[in-house]
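**Student:** sequence first, predicted coordinates after that:
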Amino acid sequence: MASFLSLLLALAAAPLYPGIILKVKAFFAGKKGPPLLIKYYTLWKLLQKGSVYSTSTTFVFKLGPVVSFAAAVLPLLFFPFAGNASLFSFHGDVVLMLYVMGMGRFFTVVAALDTASPFEGMGCAREVFFSTLAELTLFAILILFYRLSGSLSMSSFFSEGNTLTLAGASGALIVLVIVALFMVLLTENSRVPVDDPATHLELTMIHEVMILDHSGPDLALIELGAFYKLFFYAAFIIQLLCPFSLPLSLLNIIFFFILLALVYTAVGVIESIMARFKMNLVPKFILTSFVLGFFAVILTMGVLQ
Amino acid sequence: MINFLEVILVLILLTVLLSLGSTRLVALVRIMALQGVLVSLTPLLLKGHGLASLGAVAFYVAMLAIKGVLIPAMLIRAVKSVSIQREIEPFVGYHASILMGLIFLLSAVFMTNSLHLSLPEGRALILICAVTTMATGLFLMLARKKAITQVIGYLMLENGIYLIGNALSQHHSLYIVEFGVLLDLLVAVMVMGIILTNINHAFDDVDTTLLGQLKD
Amino acid sequence: METLLLSLAVVLAAGILPLLANRLFTPIKACYVVLTLLGCGWGIYSLWPLMQLSVPATYTVAWLHPFELRFSLDALSSFFLIPILCVCPLAVLYVFHYMDHKEERQRIGVHLFLFNVLVAAMAMVVLAGNMISFVLAWEMMSISSFFLVLHEYEEKATRKAGYIYLLFTQLGALCIFSGMGVGFAFTQVLDFSALAKLPETAKLWMFCLMLFGFGSKAGIFPIHIWLPYAHPAAPSNTSAVMSGVMIKMGIYGIARFYGLLEISSPLAGQIVLVFGMISGVLGVVYALGKQDIKKLLAYSSVENIGIILIGFGVGMIGAAEGNLPMAIFGFTGGLLHVLNHSIFKSLLFLGAGAVAKQAGTRKIDLLGGLMKRMPLTGKSFLTGSVAISGLPPFNGFVSEFLIYVGAFYGLQLGGVQYVFAMLAILAMALIGGLAAACFTRIVGIVFLGEPRTERTAATQESGWTMTLPLMLLACCCLVIGLWPEPFVQAAFRAYGVMQANLQLDPAQLLEITGKMALGARIFFVLFLAALVSRKLLYRDKVVDSGPTWGCGFTQGTVRIQYTGTSYALSMVEFFRPVVRLSAHYTGISKIFPANPSYETHVDDVAEQALNSGLVTPVQFVLSKLRWIQHGHIQLYIGYIIIAILIALLCI
């Protein structure tokens, strides 16, 4: 019951948090910023509209948003929010999750290539390259988690008795993991310093340029999928930060959703104080995150168990 | 409970990694400052060290000040005064350097495991950390062009040596040796500042490859 | 067992038909196709009861007094027979419209005959029950496929490809035969079953020789060089079967001899794993860099062979270390990937053949926009691409998932094995990402966007016998992805033959497979739900069409589309040390430059190293021996006499 409730809450609340990022950025810029519910308004507006399709496109273009949306929802079904058992789980579900996200990416990329636009092709080439490297980081983290917890499913990573949190026995390694995961979050969700969602020059975009030609409900599906994806990574990090062992599961859930704002604030702060990297430095950034994860893995060989 | 010693050691590894990947000189110096602070904090968290006497306190404070503030400040001044280009210009590319860091760590783990030292509880990680730091320091001296990065590499090497001392010693009286090394280093950084200015005057750049022109 | 062999005879007979009576081109071709389909169908039908038997069925023929040809069928053979008997008939069906040049009917007749010889030979390789029948079938397979590659023998590139293939396949055969020689030297019988009694070092030597020999057929990294030559040179039905099925015979050999030798040292597993990782990663990187569709697919075969070997390597380490779940998951995943790869790789090769035939070029950067012009081919090609990238809910994911789980079990081991298991996982992750990049590239550039040349724009869909096999194979990909249990079970039974002395329990395997399949189905349902809700959201909405947003640039032509080369370049550059990237740029000199050109090549390191390290020195030495060759026939007879004399004296 609690897991079902928290899933519904997550699905409903995911568009709220990106509003926090905008607020933080506005704060740094000394502005008032858009209202907190701005993303809901945007989604509602998009759902009311029709669409314009390019004459170059085929059915693949329309399939892109649908697949990427489905691929963004699936990981949430397997995610144990606030330590509650997830809706589904099995040994190896993390691999399925990562590959389903890969499926979403495949169709986003193919749909973008369908428009015959040189800019979108450029974005696709970057997206597949960077996310391949980011996937390496995630697998290094999975190796570490398997080593520490002996299991391969998201819900048993964070179930009782497992101590994959900062306060646990191997907290030192979790520090590395959190940093690596945050770097992956920035990469996979195309935030500064990897990509700038607020830029206006198509030549420099990664994710935004791939969805240039989508409009109306299609765009709404893509946006919502992007919110879920960001939510997934943020929730992952929060689970690592804090064990959520309050006696009442409802309290845990509330605590969890409040803490989530922390990650989004961090994203907002990073976005306000950093400039984006030159494109050729991005692989180095992601490689650094991989090596962080790998450092942790190697350390489990030697001393830290 | 959070094991602060392990956290600090892991953070030292993080700075090692970042130093391999950093592209800007100023950023590199800042990372070194952070590493200096972290390294000089480690003995405080070791069992059997602690703040035993007034001398020890003075020693730690001096250590922190030199490693964390004085040397970095001098380095930054050197960078600014000779208006070196901000890019680091590596011989070995950044990707390869980062992967080298991985290899260093992996071999450090195997090395420590095969040494069979009878270390006190929790010291093995310090040794791994120290070996990695030293190897990376040497690697930075080898793989970067600028004179200033060679000094930074040397600094890192010294940090590694200091960590090894921490891992092996039971008592802080042995720190005298490291303190001596540190003072040497301080002098070295000063000398480097002067030489750097002179190289800059002679060649309008501080690229060490230009020194090759000095031979007959 | 006899009926199975009889069905193979039917296939052979079907092949003789177009060879003898090629005057009536189309009717004979139709007869050939129908007869081959019947033969293969009968084979599958007769295979079914044999698969239920618990003891292997055998059939023996006495031949040439000292030798005896023995064929036997166990779960491992029948598992490899499935792709042979299912994929080959589809390739035969494909031929009907693919080879429609009446004026070349003699050549096509020969081709079809050899094709069926290849099919029968592959089945016999799998069925072979002793060394002599194995060797016989293996050589039949190699020779017939060599002539199939030489189909367009007038072209110089094809002849070169044929010779390279012949060289590698015979070199491999040499290693296999000498490996068998090692076995024979110890056991003194031609039977397979005695091999388990070999001393441990002899086992390891024999295994390494076998690995090299079978590896040259399968396309393991440094000895894969023939693949990117032979596949583009051969007609597409041949390359589909060669890549989809024939190179799996190499894998079959490795699996079979591993099982027979009962190696207990983990070293064998480590060697296989290392070769698997190298082939996997480098195969896909080279695939990214290639501009010829069929070359790309050939390198992708190298990659998939790498994945299979990673699975086997993980399994071998697991078996040697007594970590049974690791062994079960690794081997089952590897074996299942054999089946999966034979399905989607033949699909992709047949699709690429259709594209090359209809559009007249194999160059990725000249194609584009084919999805609108060849919708059925395009849709099945898209399915195959998703499947080969190992994405759920398609079949490639199932096998890769099992290998992942096996490798994760390997993390429980200590020391060096831990590092191997870790590297296996990371290599798989890297391969997965790069494969997705590689196949988004081929789908996106070839089938989507706008056609890049006028010739491409005029492309039309191919005949129904060419699209039907594609669609059938695409359906297989989805079916295995959503309901993998029976296939996993078949792969597990095949693995059971390889390690008969271990007590293996499939319960855990089936449980995890079942749950994984449930996850894939949930994803499929989510996808359908999203599709339906999208339909609902678009009810009563204005849907318009217009040109693509040019980002402010209004004079766009089709030439400014992103090309496949630039798409892959940054990724290929990332692997610079292991990938040679050479560029030729003429430069621009005048104000109105005449014909500036820019070209990039991705060269194979293994090929270059082999060229400079082995071929050039050997050529140098041999050129010094040129004087032996005079051209006088009398002198040659003299040589022969001398050779015989020396041989007789020495023995």
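**Tutor:** Ah, there it is. Not measured: the values here are computed from a predicted model. Numbering: from 1, shown residues only, chains lettered A, B, ... in the order given.

**Student:** CA only for contacts and neighbour counts going forward, please
**Tutor:** Fine.

**Student:** burial count for residue 34?
**Tutor:** By default, I'm working from chain A. 13 (other CA atoms under 10 Å in any protein chain shown).

**Student:** not quite, go with chain C.
**Tutor:** 16.

**Student:** what about it, which helix or strand?
**Tutor:** In this structure, residue C:34 sits in helix C:25-52 according to DSSP states H and E.

**Student:** buried residues, that helix. List them.
**Tutor:** C:25-26, C:28-29, C:32-44, C:46-47, C:50-51 (16 or more other CA atoms under 10 Å in any protein chain shown).

**Student:** identify the residues contacting residue 269.
**Tutor:** I went with chain A, as the question did not name one. A:21, A:24-25 (CA atoms under 8 Å, 6 or more residues apart in numbering or on different chains).

**Student:** meant chain C actually
**Tutor:** So residue C:269 contacts C:312-317 (CA under 8 Å, 6+ apart).

**Student:** could you redo the last one with a cut-off of 7 Å?
**Tutor:** Applying CA atoms under 7 Å, 6 or more residues apart in numbering or on different chains to residue C:269 gives the contacts C:313-314, C:316-317.

**Student:** per-residue pLDDT, residue A:95?
**Tutor:** At residue A:95, the model reports a pLDDT of 93.

**Student:** now do stretch A:283-298: distance to the chain's middle.
**Tutor:** Once both centres are worked out by CA atoms, centre = their mean, to the nearest Å, stretch A:283-298 turns out to sit 18 Å from its chain's centre.

**Student:** now swap in stretch B:65-85 and tell me
**Tutor:** With CA atoms, centre = their mean, you get 14 Å for stretch B:65-85.

**Student:** and if you look at stretch C:457-465?
**Tutor:** On CA atoms, centre = their mean, the centre of stretch C:457-465 falls 26 Å from the chain's centre.

**Student:** can you tell if the helix or strand hosting residue C:442 touches chain B?
**Tutor:** Taking DSSP H and E as the criterion, residue C:442 maps to helix C:415-442. No - applying CA under 7 Å from any CA of the partner chain, one finds helix C:415-442 separated from chain B by no less than 9.1 Å.

**Student:** residues in contact with whatever helix or strand comes next after that helix?
**Tutor:** Where DSSP H and E defines the elements, the next helix or strand beyond helix C:415-442 is helix C:454-457. Outside of helix C:454-457, the residues within contact range by CA under 7 Å, 6+ apart are C:359, C:367, C:451.

**Student:** now with 10 Å, please.
**Tutor:** C:355, C:358-361, C:366-370, C:372-373, C:446, C:450-451 (CA atoms under 10 Å, 6 or more residues apart in numbering or on different chains).

**Student:** list the buried residues in it.
**Tutor:** Buried residues in helix C:454-457 (16+ other CA under 10 Å): C:456-457.

**Student:** that older thread, filter the contacts of helix C:454-457 down to the ones in helices?
**Tutor:** C:355, C:358-359, C:370, C:372-373 (DSSP state H).

**Student:** and of the residues you listed, the nearest to residue C:644?
**Tutor:** Distance to residue C:644 across those (CA to CA) is lowest for residue C:355, with 54.6 Å.
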